[in-house]
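J.: Let's see this in three dimensions:
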Amino acid sequence: MSASRDQLALWAPTHAQRTIDSDVADPVARVLLDRSEPHLDHPFDYLVPAKLAERAQPGRRARVRLAGKLVDAWILERTDTTTHTGTLQPLSSVSHTVSVLTEQIYEVAREVAHRYAGVTAEVLAQAIPPRHGITEEKILEVGREVRFPDHHLGASAWETWRQGQAFLAHLAGGDSPRAVWQALPGLGEASPEAMMAAAVEACLASGRSVIVMAPTIDAVERAAQAVRERVGQGEPVEILHSRLAPSARYGAFMRALLGQTRVVIGMQSAVYAPLARLGLIVMWDDGADAYASRRAPYVHARVAAVTRARHARCGLLIGSYARTCASQLLVESGWAHPISPPIAHVRAATPQVDIIDDEWRAQRGGSGKGRIPARVQAIVREALRAGPVLVHVPRAGYIPVIRCGECGASARCGSCGGPLAAQRGGAIACAWCGRDGEMTACAQCGKRRWRAGRVGSERTAEELGRAFAGTPVISSSSDAGVIDSLDSRPRLIVATAGAEPHVEGGYAAGLILDAHVLLARPELWVPEEALRRWFAIGALVRPTGRLLIVGDVSTRLAQTCIRWDGTGLAASALEERRALAFPPVARLATVSGDERDVADFLARLDPHLPVLGPLPSERAGEARAIVRAKPDESHEFTDELLRVAAARSISRLRRVRIQVDPATM
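T.: Just a heads-up that it's a prediction; the model follows:
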């Protein structure tokens, strides 16, 4: 593996190269320390003692001494030269008996870490599971050579999609096409899982391997089932996700490394699966927040997938019901081709969408009032005759909203129309513009009886239990427990985002309550996130059913939902990002932490970099600032962030939290 000279040059002095004379061939082990300090994120040279000469191979984990302490490290390469001026310290031990860090994964991790102004070792910690010695020994003892079955390009639902069949044909022929795919709801061979499985089969037909990424464990399991049904039992399929025991996860990793499988399906870390001859990466629902790592350096799996595809020179297929701004940029830049469904397919595969906004309520008079208007309740009752109805509510704790105690309508700001919410200390303010709220009469019913309450699944279930007496009401959420699947008996299922159970044959109707709660959030991504969530809910509803969205929705977003336009909003949102110089078009970073640490970090930065803030954060004593990159200086921007982080690290100052292009802004 090549040394990270570009990062080393940021803070480490260079010296003349010299040759090390030894009886050991290539006596210098160039290692990467498994440390999180930014100033240590570059290769160090150690001496290979004779007793470790055979074992100390690139890609294996070693133990070395640093400032008198034993620390873990990765062996990157063996050589006979060094630029170190003093006496080289010897390796203390080598733990692995097999090289688990491949050169490609190291290069991907290094590039991704640099892009996010982070540390390579922290990316590798997410890419390579902890060693499980017993599992490793068992797999190496068996050491069987797998004879994979032959595959061919078979019939699939892709045949009726624009550019869809051509994408699969290129894959099967050994090419590496890249595409952004607007998927549609469907069952059987028309389901997204079945279509992804057909893409997997096409890649296997070329003799290459495949990675499939999904945002949740449930989605991983569904994708794996579809792939197994498509490719047959003779093709081993490995799964990687957080619910696996350490031995199972390490076993799947080892089988991928040793060439005993060609298909790995998993969550965000699956992008680093060490498959040889990688031909395709499939990423489903790239806008899901599960893809944005909550661990430093806060890498988004989409960026990791694009980086891996470039290094492996493999194909990439990003699929979703609603396209993200980042995927739209891949299309507009020409890096990826769009794959869109025919209009007739859209109409046939999607439910009717109704927007229950203020205009709708006004047109229906008394039957349009309340959190769940009487007319909406009538539609739900009718749907319950045909099957279950899904009721979606915002995740508990989003906003402590102020509602009318008479009809349930939201209290709105007199300045901008945003929702009023209870702030810390009891003050009432607008969630959009921040102005103090004045509690006037309710715009819906004229009453002045207000109450505060969190919009959540438990309260909603209680309301539905009263409104639909005799109908079973089931909750699926992180608090009540997530239900994976249910049968098609009539009932009401109240679920939070990502916890919606799958029902065989689909729901008879879907009801999205309090849509304005999500839309009231200040983040720039709110419209595309709302569309992503609502389309995901609509995809669970039968094509003959109805999707009712209750809440004040902008005309643009409402029309997008009604037309089931999965690409138009992304294009217009990307234009807004260009105008505002926000990601993914422009680069920026948030710097947060202790007020003094943030101030010191900003003081050390290039003064020509635009800085917004710092401002106090929600945590006492902490602050947050936004640093913008100059136009066309993306690489230099992260270089500068790394330089300052390393300088502070050398001084043993507390590390600040740097998030480059955060998903939520």
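
J.: Thr102 touches Pro274, doesn't it?
T.: Yes. The pair Thr102 / Pro274 is scored as a contact, 5.0 Å apart, by CB atoms under 8 Å. Using the backbone N, CA and C atoms, a C-beta is placed for each residue, glycine as well.

J.: These two: who's more crowded?
T.: A count of neighbours by other CB atoms under 10 Å puts Pro274 above the other of Thr102 and Pro274, at 21 against 18.

J.: Can you classify that one as helix, strand or coil?
T.: Three-state assignment for Pro274 (DSSP: H, G, I helix; E, B strand; the rest coil): coil.

J.: Now Ala539. Nearest residue, chain neighbours left out?
T.: Pro185 (3.8 Å; CB to CB, 6 or more residues apart in numbering).

J.: Return the set of buried residues in the helix or strand hosting Arg381.
T.: If you go by DSSP states H and E, Arg381 is part of helix 374-384. Using 16 or more other CB atoms under 10 Å as the test for burial, helix 374-384 gives Arg375, Val376, Gln377, Ile379, Val380, Ala383, Leu384.

J.: Now that the fifth one has come up, it's in contact with Gly510, right?
T.: The one in question is Val380. No. Between Val380 and Gly510 there is no contact under CB under 8 Å: 9.9 Å.

J.: intersection of neighbour lists for those two?
T.: Contact criterion CB atoms under 8 Å, 6 or more residues apart in numbering; residues shared by Val380 and Gly510: Val389, Leu548.

J.: What number of residues are in the vicinity of Leu140?
T.: Neighbours of Leu140 under the rule other CB under 10 Å: 12.

J.: ok, so what distance separates it from Leu91?
T.: 22 Å (CB to CB, to the nearest Å).

J.: Now tell me what touches the helix or strand harbouring Leu557 from outside.
T.: Using DSSP H and E, Leu557 falls within helix 555-563. Residues outside helix 555-563 that contact it (CB under 8 Å, 6+ apart): 353, 355, 357, 519, 527, 530-531, 534-535, 547, 549, 553, 565, 568-569, 572.

J.: Is Glu438 in contact with Gly414, as I believe?
T.: Yes. With contact defined as CB under 8 Å, Glu438 counts as touching Gly414 (6.2 Å).

J.: Remind me which helix or strand Ala599 belongs to.
T.: Secondary structure from DSSP H and E places Ala599 in helix 595-604.

J.: and that helix, which residues are buried?
T.: Within helix 595-604, the residues that qualify as buried are Asp597, Val598, Asp600, Phe601, Leu602, counting by 16+ other CB under 10 Å.

J.: Which residue ranges of the stretch 151-300 of the chain form strands?
T.: Counting by DSSP state E, counting those that start in this stretch, the stretch 151-300 of the chain has strands at residues 178-182, 209-213, 237-240, 263-266, 278-284.

J.: other SSEs contacting the helix holding Ala599?
T.: Under the contact criterion of 3 or more CB pairs under 8 Å, 6 or more residues apart in numbering; DSSP states H and E, helix 595-604 touches strand 588-594, strand 611-616, strand 622-628, helix 634-650.

J.: Columns mean pLDDT and mean neighbour count on top of these, output as CSV?
T.: Listed next are these as CSV, based on pLDDT from 0 to 100; neighbours: other CB atoms under 10 Å:
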stretch, mean pLDDT, mean neighbour count
strand 588-594, 95, 21
strand 611-616, 89, 14
strand 622-628, 93, 20
helix 634-650, 95, 19
